[in-house]
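Engineer: next come a sequence and a model predicted from it.
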Amino acid sequence: MNKLPAIVTAIEGEQNLHIIAFDFQGATLKMMGLDLPKGLHVGSHVVLGVKPSHIAIGKNISGDLSYSNQIPATIQTLENGALLSSIVLHVGDTKVQSFITCSSSKRMNLQVGDKVILLIKASDLFVQEVLDV
Amino acid sequence: MITIDIDKKLLGSMGEMPLHVGISIENKSFVALSGQSGSGKTTLLRILAGLERAKGKIVVDDEIWLDEKTFLPPQKRGIGFVFQDYALFPNMSVLENLLFVKKDLTLAKHLLEMTELESLQERKPMTLSGGQKQRVSLCRAMMNRPKLLLMDEPLSALDPLMRNKLQHEILMLHKEFGTTTVMVSHDPSEIYRLSNRVIVLAQGKVVSDGDAKSVLLKTQGSQKFSFEGELLDIIKVDVIFIAIIAIGQQLVEVVLDASEAEVLHVGQSVRVSTKAFSPVISAKK
């Protein structure tokens, strides 16, 4: 599972539904969640989690996408299995892994060194741990 | 308001265990008392009922039930007690069981009507089902219009359907009589449905005190859908790994990446969690 160190920059709430904004490597990430994790406030250092299967990859994308989280990344390694591709990317100095289908990887002609955009829905991102409780 | 501040030395499985509880309970509230067996729940209930002695103080409104000089016997405390094993008088009919507590035929009939037991009022307890017996115990406990209703796992011997029905009746009686209720329970659905406060005891001490959701919702960071289980197997499939986990009576599968597969060990206890946004609910066929 991907662990992304981040800092809480804003919290919006409606009853027990919340949208939390984070700074991750200079990019803004957004997460939707129910009750806030214990001890979380603006300025909190957190570890965000996201499953590799919940990260999509975009290359040369144009047009508008609803993904709240669109993070520039560079492909570091690419392992093709029979059906799936396991791709490790760099965002700044953080490693992020994505599982996509092999057919998508081939269709997009993904190569090591490619500059791509990681796409993560706000509902797929979660707070793994609040560090400074 | 019930103010409890009691101390008692108990003999637990790991030697002597001090029971110390200092809490206040609002009138008309419904408190669920939870915790592992041996944590002191039943003893606390029996101390409140006056079935056991303890050091300290119990004050109910302006009445002292227990202090250095006073020990009010159970029959003077204005309590109702419902036990897990019904504890009905076997030689008396349903109606006689109720009237034994108080000769108030109007109230007895009203209670039997509320719990749909009128047609069984002449029957002896032996001829009743578990659910019916427990409803009789509940009615009997209400006969002296108790200020404080104490229940020790009253529904744990019943099947889920009967539990559901009795939960409804308990709540109805609790509201109609304006009773303060303290119920020992382990069942999260029961606690959520009935109580407005949960107190968790461990090793004779209060370790958690709040509403059902804040006490019982197991969370992992922002993950609100969380279960404990045992990791049975990790299988590599293509470039991913699949973990097989036993949760309760079921097996579930979770997709892992290599770094997760590396640090987990088959046989270990694990927590499986996801966000509240991911699970899909469908009605059971």
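Structural biologist: Noted; the coordinates are in hand.

Engineer: so which strand or helix has residue 47?
Structural biologist: I'll assume chain A. Secondary structure assignment for A:Val47, by DSSP states H and E: strand A:45-50.

Engineer: switch to chain B, please.
Structural biologist: For B:Ile47, the host element (DSSP H and E) is helix B:41-49.

Engineer: residues touching that helix, excluding its own?
Structural biologist: Helix B:41-49 is contacted by residues B:4, B:6, B:8, B:10, B:19, B:21, B:33-35, B:52-54, B:58, B:65-66, B:74, B:77, B:79, B:81, B:148, B:150, B:152, B:182, B:184, B:201 when judged by CB atoms under 8 Å, 6 or more residues apart in numbering or on different chains. From N, CA and C alone the C-beta is placed, and that goes for glycine too.

Engineer: can you get me a residue count around A:Ser66?
Structural biologist: A:Ser66 has 7 neighbours, counted by other CB atoms under 10 Å in any protein chain shown.

Engineer: where does it land on pLDDT?
Structural biologist: A:Ser66 carries a pLDDT value of 96.

Engineer: quickly find the element holding it.
Structural biologist: With DSSP H and E as the test, A:Ser66 turns up in no helix or strand.

Engineer: just the buried residues of the contacts of helix B:41-49.
Structural biologist: Among the contacts of helix B:41-49, those scoring as buried are B:4, B:6, B:8, B:10, B:19, B:21, B:33-35, B:54, B:58, B:65-66, B:77, B:79, B:81, B:148, B:150, B:152, B:182, B:184, B:201 (criterion: 16 or more other CB atoms under 10 Å in any protein chain shown).

Engineer: please flag which of these sit within helices.
Structural biologist: Nothing among the buried ones among the contacts of helix B:41-49 maps onto helices, per DSSP state H.

Engineer: who does residue 21 bridge with?
Structural biologist: I'll assume chain A. A:Ala10, A:Lys30 (DSSP bridges).

Engineer: hmm, no, I was thinking of chain B.
Structural biologist: Here B:Val21, judged by DSSP bridges, has bridge partners B:Ile6.

Engineer: what about the strands in chain A?
Structural biologist: A:2-14, A:17-24, A:27-33, A:45-50, A:56-58, A:69-80, A:84-91, A:94-101, A:115-120, A:126-130 (DSSP state E).

Engineer: so which of these is nearest B:Met172?
Structural biologist: B:Met172 sits nearest to strand A:17-24 of all those, at 33.0 Å, using CB to CB.

Engineer: in that closest one, what counts as buried?
Structural biologist: A:18, A:20-22, A:24.

Engineer: which parts of chain A sit against chain B?
Structural biologist: Chain A comes close to chain B at residues A:1, A:31-38, A:46, A:49, A:51-53, A:79-86, A:97, A:99, A:123-124, A:126-130, as judged by CB under 8 Å from any CB of the partner chain.

Engineer: give me the neighbour count for A:Gly43.
Structural biologist: 9.

Engineer: now do the residue nearest to it when sequence neighbours are not counted: how many residues are near it, please.
Structural biologist: Nearest non-adjacent residue to A:Gly43, counting by CB to CB, 6 or more residues apart in numbering or on different chains: A:Val8, 6.3 Å away. Neighbour count for A:Val8, taken as other CB under 10 Å: 20.

Engineer: list the residues that contact A:Val8.
Structural biologist: So A:Val8 contacts A:20-22, A:40-44, A:46 (CB under 8 Å, 6+ apart).

Engineer: B:Ala202 too?
Structural biologist: B:35-36, B:39.

Engineer: in strands, which of those residues appear?
Structural biologist: Those of the contacts of B:Ala202 lying in strands (DSSP E): none at all.

Engineer: and those as TSV, adding distance to chain A and pLDDT?
Structural biologist: Converted to TSV, those look like this (distance: CB to the nearest CB, whole Å; pLDDT from 0 to 100):
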residue	distance to chain A	pLDDT
B:Gly35	21	91
B:Gln36	23	88
B:Ser39	24	90
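
Engineer: how much space between the spatially most central residue of chain A and chain B?
Structural biologist: The residue lying closest to the centre of chain A (CA atoms, centre = their mean) is A:Ile120, at 4.9 Å. Separation of A:Ile120 from chain B (CB to the nearest CB, to the nearest Å): 12 Å.

Engineer: from what I see, that residue and A:Gly49 are in contact.
Structural biologist: No - with contact defined as CB atoms under 8 Å, A:Ile120 does not count as touching A:Gly49 (10.8 Å).

Engineer: OK, contacts around the residue of chain A most remote from its centre?
Structural biologist: Using CA atoms, centre = their mean, the residue of chain A lying farthest from its centre is A:Gln15. It sits 25.7 Å away. Going by CB under 8 Å, 6+ apart, A:Gln15 touches no other residue.

Engineer: so how far is B:Ser278 from it?
Structural biologist: Distance, A:Gln15 to B:Ser278, using CB to CB, to the nearest Å: 20 Å.

Engineer: ok, B:Phe71 next?
Structural biologist: Where B:Ser278 is concerned, B:Phe71 sits at a distance of 56 Å (CB to CB).

Engineer: nearest residue to residue 124 other than its sequence neighbours?
Structural biologist: You didn't pick a chain, so chain A it is. In space, A:Asp124 is closest to A:His54, 4.0 Å off (CB to CB, 6+ apart).

Engineer: try again with chain B
Structural biologist: B:Ser93 (6.0 Å).
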